[in-house]
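In: fold the stuff below for me.
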Amino acid sequence: MTDVDVSRTDLDGFTGAVIRPQDAGYPAARRVWNGMIDRYPSMIVRPESSDDVAIAVTFARDRGLPLAIRGGGHNVAGSGVCDRGVVIDLRELRGVAVDPVARTVTGGGGCTWGEFDAAAAEHGLATTGGLISSTGVGGLTLGGGIGWLARRYGFSSDNLRRAEVVTADGRIVVADDDTNPDLFWALRGGGGNFGVVTELTFHAHPVDTVLGGILLYRSERAAEILAQYATWAAGIPDEMATLATFLTAPPEPVVPPELRGRPAFAVVLCHLGDHTQGRVALDRLRAGCPPDADLVQPMPYPSLQRMLDASALYGRRSYWKSGYIRRLGPDLQRFAVAAARTMPPPFSQIHIQQLGGAMATGSAGAVGHRDSAYVVNLVGSCHDAADDAAMIAWVRVAWAELEPAITGTYVNFLDGDDSTRVAGAYEPTAFARLKTLKRQWDPTNLFHINHNIPVE
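Out: Predicted coordinates:
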């Protein structure tokens, strides 16, 4: 497809910014979180309202142009940008409104969890977000949404109460339990396949100070600690969420000098509610596995949400492979320890994120594999393009060994070459229903620059 010559009059009534390749702001505007993504859209628009979004959707549809939707842009596959098409960048739709009486929080389609959490925290409220504050609220929620509150309160999508959506035919519709309930079901786990979500309203929960932080261990202790962690984690309350990770210890002042810049193993955690309950559970792990650095303390929930931000900086080059497992048994433990030994420093990591609790017992939306115990993510990351080949090779070699143990897919962690794995994110009956709804709401597959549900 050739580039298109677009004038402002082609977007009659559009009030937001329009950025073209010749504009000074274009090089920065086309960039997304994953620095490996290098695409050149013909036009980037920044709507100021849902009406603006409808105009842009209609413009792209009528001209047969590729259409990418960018919320927070924090997607490893780079779905928020396309070549020679239109990008709808929702960054101007980032307002957050809190109703403390109804315990609801409404965020625009372009807001991040950092913005959402800060507004909700002013009223002592929160809902399940991700692990990185710069992640977009919309994208995370549409794919399910795993975060520190999920074992207690379910996926982000379980807490969604209402969505405003611009559909492929340019309509602005509401989706909730009473209005367009089939669309509402599909949005909760089906990704960006059904429209542009311009506003999301969540049920929020009383959350203030949490007990959270990191227990850090020397890498040579990893096999012993991971084995004890697996036993310990099986008995913790739903109020506690954990992430076991292999990483390079950061050069931060709170990290002991002898650990900085060296391979390490960590248990990152968050406990809600009664800190005494959290300390009792945590002390069982501390007693069996005394940490080399203990960075766990009470903190405001938004501070916990920002704690890992430095591990996922904007523009860093990333390549992932990920999937669910039902048990963190000895074979998986041996795999993780061995894969960590060949992991390229200093930015790549292995994440073993604990699931269960309310995620397993909930039933809202299309999210699948709720019986999974963990999601394992091989996070390849580097700063220099010259390191891409080694980083990607490490992920792929490790994935070839891990994949036979994988029982399903978490759609938000799929990379750009994982299109054949999309169906694995859902139960078979749910995927069949999603395909039916895709034909109903987007029959021409206008919204296909995503982890696509095919129109058949």
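In: quick one: secondary structure of the residue nearest to the spatial centre of the chain?
Out: Nearest to the mean C-alpha position of the chain, by Cα atoms, centre = their mean, lies Leu140 at 4.4 Å. Put simply, Leu140 is helix when judged by DSSP: H, G, I helix; E, B strand; the rest coil.
In: right, and it touches Ser156 too?
Out: Yes. Judged on Cβ atoms under 8 Å, Leu140 makes contact with Ser156 at a distance of 5.7 Å. C-beta here means a position set from N, CA and C on the backbone, and glycine is covered the same way.
In: can you check which residues contact both of those two?
Out: Common neighbours of Leu140 and Ser156, using Cβ atoms under 8 Å, 6 or more residues apart in numbering, are 129-130, 147.
In: who wins for most neighbours among those residues?
Out: When neighbours are counted by other Cβ atoms under 10 Å, Gly129 leads those with 29 neighbours.
In: wait, isn't it in contact with Ile146?
Out: No. Between Gly129 and Ile146 there is no contact under Cβ under 8 Å: 9.5 Å.
In: any common contacting residues for these two?
Out: Here Gly129 and Ile146 have Ser156 as joint contacts, going by Cβ under 8 Å, 6+ apart.
In: pull out the buried residues from stretch 293-310.
Out: Within stretch 293-310, the residues that count as buried by 16 or more other Cβ atoms under 10 Å are 293, 295-296, 299-308.
In: ditto for stretch 336-353
Out: Result for stretch 336-353 [16+ other Cβ under 10 Å]: buried residues 336-337, 339-340, 343-344, 346-353.
In: then stretch 18-35?
Out: 18-20, 26, 29-35.
In: quick revisit: which ones among the shared contacts of Leu140 and Ser156 map onto strands?
Out: Per DSSP state E, strands hold no members of the shared contacts of Leu140 and Ser156.
In: check the offset of the host helix or strand of Leu269 from the chain's centre.
Out: Following DSSP states H and E, one finds Leu269 within strand 263-271. Distance of strand 263-271 from its chain centroid, counting by Cα atoms, centre = their mean, to the nearest Å, is 19 Å.
In: for that strand, name the packing helices and strands.
Out: Applying 3 or more Cβ pairs under 8 Å, 6 or more residues apart in numbering; DSSP states H and E, one finds that strand 263-271 contacts strand 209-218, helix 222-233, strand 240-248, helix 275-288.
In: CA atoms only for that strand, dumped as CSV, please.
Out: The C-alpha trace of strand 263-271 is given here as CSV (Å, rounded to 0.1, in the frame of the first residue of the first chain):
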residue,chain,number,x,y,z
PRO,A,263,22.5,-12.3,38.9
ALA,A,264,19.9,-12.7,41.6
PHE,A,265,16.6,-14.3,42.5
ALA,A,266,13.8,-12.3,44.1
VAL,A,267,10.3,-12.8,45.6
VAL,A,268,8.3,-9.6,45.0
LEU,A,269,5.0,-9.4,47.0
CYS,A,270,2.0,-7.4,48.1
HIS,A,271,-0.3,-8.1,51.1
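In: angle of that strand against strand 209-218?
Out: For strand 263-271 against strand 209-218, the angle by axes from the mean of the first three to the mean of the last three Cα atoms, to 10 degrees is 160 degrees.
In: and for strand 263-271, what's in contact with it?
Out: Under Cβ under 8 Å, 6+ apart, the answer for strand 263-271 is 148-149, 210-219, 221-222, 225-226, 229, 239-249, 277-278, 281-282, 285, 296, 304, 307-308, 340, 343, 345.
In: can you confirm Phe335 is in a helix?
Out: Yes. The assignment for Phe335 (three-state DSSP) places it in a helix.
In: let me know whether it touches Pro404 as I believe.
Out: No. Applying Cβ under 8 Å, one finds Phe335 not in contact with Pro404, separated by 10.2 Å.
In: between those two, which is the more surrounded one?
Out: A count of neighbours by other Cβ under 10 Å puts Phe335 above the other of Phe335 and Pro404, at 16 against 7.
In: so Ile146 makes contact with Leu355?
Out: Yes. Applying Cβ under 8 Å, one finds Ile146 in contact with Leu355, separated by 7.2 Å.
In: joint contacts of these two?
Out: Taking Cβ under 8 Å, 6+ apart as the contact criterion, the common neighbours of Ile146 and Leu355 are Val375.
In: which one's more surrounded, these two?
Out: Shown here are Ile146 and Leu355; by other Cβ under 10 Å, Ile146 has more neighbours (27 against 23).
In: mind listing what the more buried one touches?
Out: 128, 130-131, 155-156, 353, 355, 359, 375, 410, 412.
In: one more time with 10 Å
Out: Taking Cβ atoms under 10 Å, 6 or more residues apart in numbering, we find Ile146 in contact with 128-131, 140, 154-156, 241, 243, 353-355, 359, 367, 375, 410, 412-413.
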